[in-house]
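Need a 3D model of the sequence below.
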Amino acid sequence: MTTVLAPVAGAAIGLSAVPDPVFSQAMVGPGTAIDPRREPVEALAPIDGTIVKLHPHAYVVVGDDGRGVLVHLGIDTVQLKGEGFRLLAAEGDRVRAGQPVVAWDPAVVEAGGRSPVCPVVALDAVRDAVGGIAEGSVNAGDTLFEWS
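Sure, this is the predicted structure:
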């Protein structure tokens, strides 16, 4: 069982509410999404592991069991080319769940006409592998879902 933590504070809204079909249709895996508070924040590692991919707007942490969790900070934020994001870790770093990975401001993303919603996905997991999905208000570091 892998406990996946909320990388940011906000409202857990479910993947189906994400304004991007890749996430809303769970094409990359099951999980949920957080509509973040509109304030500067440090997005956290969702699990213990190694950062295998790190872009300013998204990152993947893979645990020792080989399970990878994707955190995507906003929708279409790749178009910002890193503007408004500050890396606090590096690709290849070992991180603990709850450790800051990227600093960003969801309000700035929204002001630029993009959704700041953050999908958190169990990569390549079967749909039924994710349970105990948080609903409503979550704080960064709270349990977001369980991956069995």
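
Give me the pLDDT for Arg127.
As predicted, Arg127 sits at a pLDDT of 87.

these two touch, right, it and Gly31?
No. Counting by CB atoms under 8 Å, Arg127 stays clear of Gly31, with 10.2 Å between them. Using the backbone N, CA and C atoms, a C-beta is placed for each residue, glycine as well.

Neighbour count: the two, which is higher?
Gly31 (27 against 9; other CB atoms under 10 Å).

quick one, strands of the protein?
With DSSP state E as the criterion, the chain has strands at 2-5, 10-12, 31-36, 41-44, 49-55, 58-62, 68-72, 85-87, 94-95, 100-104, 118-122, 130-131, 136-138, 143-147.

can you tell which of those strands is closest to Gln25?
Within the strands of the chain, the stretch nearest Gln25 is strand 118-122; the backing value is 11.5 Å (CB to CB).

Within the sheet, what are the partner strands of that closest one, with directions?
Partners of strand 118-122 in the sheet, by DSSP bridges, are strand 31-36 (antiparallel), strand 68-72 (antiparallel).

Average pLDDT for that strand, rounded please.
The pLDDT scores in strand 118-122 average 98.

Give me the angle between that strand and strand 143-147.
Here strand 118-122 runs at 30 degrees with respect to strand 143-147, directions being taken by axes from the mean of the first three to the mean of the last three CA atoms, to 10 degrees.

Return the distance of the lengthiest helix in the chain from the chain's centre.
The residue-count maximum for a helix in the chain (DSSP state H) belongs to helix 106-111. Relative to the mean C-alpha coordinate of its chain, helix 106-111 is positioned 16 Å out (CA atoms, centre = their mean, to the nearest Å).

Pull out the buried positions in it.
By neighbour count on 16 or more other CB atoms under 10 Å, the buried set for helix 106-111 is 106-109.

go on, stretch 48-67?
Taking 16+ other CB under 10 Å as the basis for neighbour counts, the residues of stretch 48-67 that come out buried are 48-51, 54-63, 67.

Please apply the same query to stretch 69-86.
So, applying 16+ other CB under 10 Å, buried residues of stretch 69-86: 69-75, 77, 80, 84-85.
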